[in-house]
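Q: 3D, please:
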Amino acid sequence: MFSTLANAWHVKDIRSRILFTIAMLFVFRAGSHIPVPGINTTIIKQMINSGQLLGFFDVISGGSFSNFTIFALSITPYVTSSIIVQLLTIAIPSWEEMAKSGDDGRKRLAQYTRYGTVLLAFIQAISMTYGLRNAVNEVNLFNMLLIAFTLTAGTAFLMWLGEQINDKGIGNGISMIIFAGIVSRIPSMFVTTYQYVKAGTTSIFGAAIFWLVILFMIAAIVYVSEGQRRIPIQYARRQVGRRMYGGQSTHLPLMVNPTGMIPIIFAVSILQFPLQIAAFFPKGGYAHFMNTWFNTGGVLYNVLDVILIIFFTFFYSAVVFNPEDVADNLKKYGGFIPGIRPGKPTSDYITKIMNRLVMIGGIFLALVTLVPTIIMKVTGLNLYFSGSAILIAVGVALDTVKQLESQLVMRNYQGFLK
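A: All right, here's what the predicted structure looks like:
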């Protein structure tokens, strides 16, 4: 990875893209220190520390949520809107045709994603402002709308910033913003760990175990993210005119974790919905029941989290990968799996292998979610650093390095042709 970065830095065009990306991320971090007017951040930090709100959301926003800055919503409305548009593309035939119609269709879908982002951001901003009304200095209609519009504008600006990185920088802009928010929390986590050790809340051994587990999780995520099950494919020889085509061997790569972060996002969204309702009525019996039996560190919450993650892993895999289409395409171009008949037997064979991989991937995602919670309970370190955040950061880093490698290869080919 470091050699790739060093080689990329010596290419003028790639170096300019890297510097532009760094500049845009600097703008993002600078904006993360501009507070929203009319909010008492001390109350919000107390609510996060008491477990009433999800600490993971603060990690994703790079601390913007606990400080309640203009980027407090982060880029999560865009992620949600993208998922909704992707699912609707499969459910609505006209949208599916639009996605397959080329650049114009994809641009229209991207525009729908932007509209959905602004709408979801405003709805989420209104809900968040009302739920956190105890932290508003003067509760009135003007102040509530001002806070909601400020949060919505912050998300819209982040969406624009991400698109600028896509066009002129390196990597996926939205992912890079999330990555920057997660990584920016690491120095403060080291400081917090030192404070816990100094106060006697945890021991040096416990702190060392915590960070060793984090390093082990990073290595495991890289290993699983790069893991593939390669199904051998053989193409029959066929003659077209005087030319002979086919007769080559290749493979069909099936990822161990084909869904990425999506199952975790779905599971968290569903599980956090009743908790958010409880936050709107903190003094009611419903809120007392949810905080007692359904808090984020409780057994019931984590058991349901594991079940939902595995379920959505299977669900989303079925949405994005269709074995019947793969089998039909292989049959169309004269490809087959050795020992398996073309058509339905091929699709059944791919489905069987895919189900095994998806089960392994779902269990792995569940472990990634559970292990940090367990290790924080054992060591006494309350850092609100989830396995989901590690999964996002590692995935973005791997994707960015692959993009750098592909651009280096492309420029090497250009130099060879010249």
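
Q: per-residue confidence at K418?
A: Per-residue confidence at K418 stands at 47 (pLDDT).

Q: per-residue pLDDT, K332?
A: 80.

Q: typed the wrong thing, it's R237
A: In this prediction R237 is given a pLDDT of 67.

Q: quick one: average pLDDT of stretch 15-27?
A: 88.

Q: For it, list the C-alpha coordinates in PDB.
A: Backbone C-alpha positions of stretch 15-27 (Å, rounded to 0.1, in the frame of the first residue of the first chain) are rendered in PDB as follows:
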ATOM      1  CA  ARG A  15      -0.600  14.100  -7.000                       C
ATOM      2  CA  SER A  16      -3.000  16.900  -7.900                       C
ATOM      3  CA  ARG A  17      -6.000  14.700  -7.300                       C
ATOM      4  CA  ILE A  18      -4.600  13.600  -3.900                       C
ATOM      5  CA  LEU A  19      -3.900  17.200  -2.900                       C
ATOM      6  CA  PHE A  20      -7.400  18.300  -4.000                       C
ATOM      7  CA  THR A  21      -8.900  15.400  -1.900                       C
ATOM      8  CA  ILE A  22      -6.900  16.500   1.100                       C
ATOM      9  CA  ALA A  23      -8.000  20.100   0.700                       C
ATOM     10  CA  MET A  24     -11.700  19.000   0.500                       C
ATOM     11  CA  LEU A  25     -11.300  16.900   3.600                       C
ATOM     12  CA  PHE A  26      -9.700  19.800   5.400                       C
ATOM     13  CA  VAL A  27     -12.800  21.900   4.500                       C
END
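
Q: Enumerate the positions of it that are buried.
A: By neighbour count on 16 or more other Cβ atoms under 10 Å, the buried set for stretch 15-27 is 17-18, 20-21, 24-25. To be clear about C-beta, it is placed using only N, CA and C from the backbone, and glycine gets the same treatment.

Q: now the residues you listed as CSV including secondary structure and distance to V222?
A: Below are those laid out as CSV (DSSP: H, G, I helix; E, B strand; the rest coil; distance: Cβ to Cβ, whole Å):
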residue, secondary structure, distance to V222
R17, helix, 24
I18, helix, 22
F20, helix, 27
T21, helix, 22
M24, helix, 26
L25, helix, 22
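
Q: And whichever helix in the chain runs longest, what does it pack against?
A: The residue-count maximum for a helix in the chain (DSSP state H) belongs to helix 344-379. Judged by 3 or more Cβ pairs under 8 Å, 6 or more residues apart in numbering; DSSP states H and E, the packing partners of helix 344-379 are helix 204-225, strand 228-235, strand 249-255, helix 262-280, helix 299-320, helix 323-332, helix 387-417.

Q: In three-state terms, label P338 for me.
A: With DSSP: H, G, I helix; E, B strand; the rest coil as the basis, P338 sits in coil.

Q: Which of the helices and strands packed on helix 344-379 sits closest to T379?
A: Closest to T379 of the helices and strands packed on helix 344-379 is helix 204-225 (Cβ to Cβ; 3.8 Å).

Q: Would you mind getting the angle between that closest one and strand 249-255?
A: What separates the directions of helix 204-225 and strand 249-255 is an angle of 140 degrees, with axes from the mean of the first three to the mean of the last three Cα atoms, to 10 degrees.

Q: Counting neighbours, which bits of helix 204-225 end up buried?
A: In helix 204-225, counting by 16+ other Cβ under 10 Å, buried: 206-207, 209-210, 213-214, 217, 220-221, 224-225.

Q: and the two most separated of those residues?
A: G206 and S225 (28.5 Å).

Q: Return the residues in contact with Y316.
A: 259, 262-263, 266 (Cβ atoms under 8 Å, 6 or more residues apart in numbering).

Q: F321 and V368, how far apart?
A: 21 Å (Cβ to Cβ, to the nearest Å).

Q: more neighbours, those two?
A: V368 (23 against 17; other Cβ atoms under 10 Å).

Q: Surely that one and S225 touch.
A: No: if you go by Cβ atoms under 8 Å, V368 and S225 don't touch, sitting 10.8 Å apart.

Q: returning to what we had before: would you turn the buried residues of helix 204-225 into JSON lines with distance to I126 and pLDDT?
A: Converted to JSON lines, the buried residues of helix 204-225 look like this (distance: Cβ to Cβ, whole Å; pLDDT from 0 to 100):
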{"residue": "G206", "distance to I126": "42", "pLDDT": "82"}
{"residue": "A207", "distance to I126": "41", "pLDDT": "84"}
{"residue": "I209", "distance to I126": "43", "pLDDT": "87"}
{"residue": "F210", "distance to I126": "38", "pLDDT": "85"}
{"residue": "V213", "distance to I126": "39", "pLDDT": "87"}
{"residue": "I214", "distance to I126": "36", "pLDDT": "86"}
{"residue": "M217", "distance to I126": "36", "pLDDT": "87"}
{"residue": "A220", "distance to I126": "40", "pLDDT": "88"}
{"residue": "I221", "distance to I126": "36", "pLDDT": "86"}
{"residue": "V224", "distance to I126": "39", "pLDDT": "86"}
{"residue": "S225", "distance to I126": "37", "pLDDT": "82"}
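
Q: With distance to I270 added, can I get those in TSV?
A: What follows is the buried residues of helix 204-225, written out as TSV (distance: Cβ to Cβ, whole Å):
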residue	distance to I270
G206	33
A207	33
I209	32
F210	29
V213	27
I214	27
M217	24
A220	26
I221	23
V224	24
S225	24
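
Q: looking only at pLDDT, what's the mean for the helix or strand where G154 lies?
A: Counting by DSSP states H and E, the element that carries G154 is helix 141-168. Averaging the model's pLDDT scores along helix 141-168 yields 88.

Q: so how far is it off the chain centroid?
A: 19 Å (Cα atoms, centre = their mean, to the nearest Å).

Q: Show me what that helix is packed against.
A: Using 3+ Cβ pairs under 8 Å, 6+ apart: helix 141-168 touches helix 12-31, helix 76-91, helix 103-131, helix 173-183.

Q: rewinding a little: for the helices and strands packed on helix 344-379, which one sits closest to G102?
A: Once the helices and strands packed on helix 344-379 are compared by Cβ to Cβ, helix 323-332 is nearest, at 19.5 Å.
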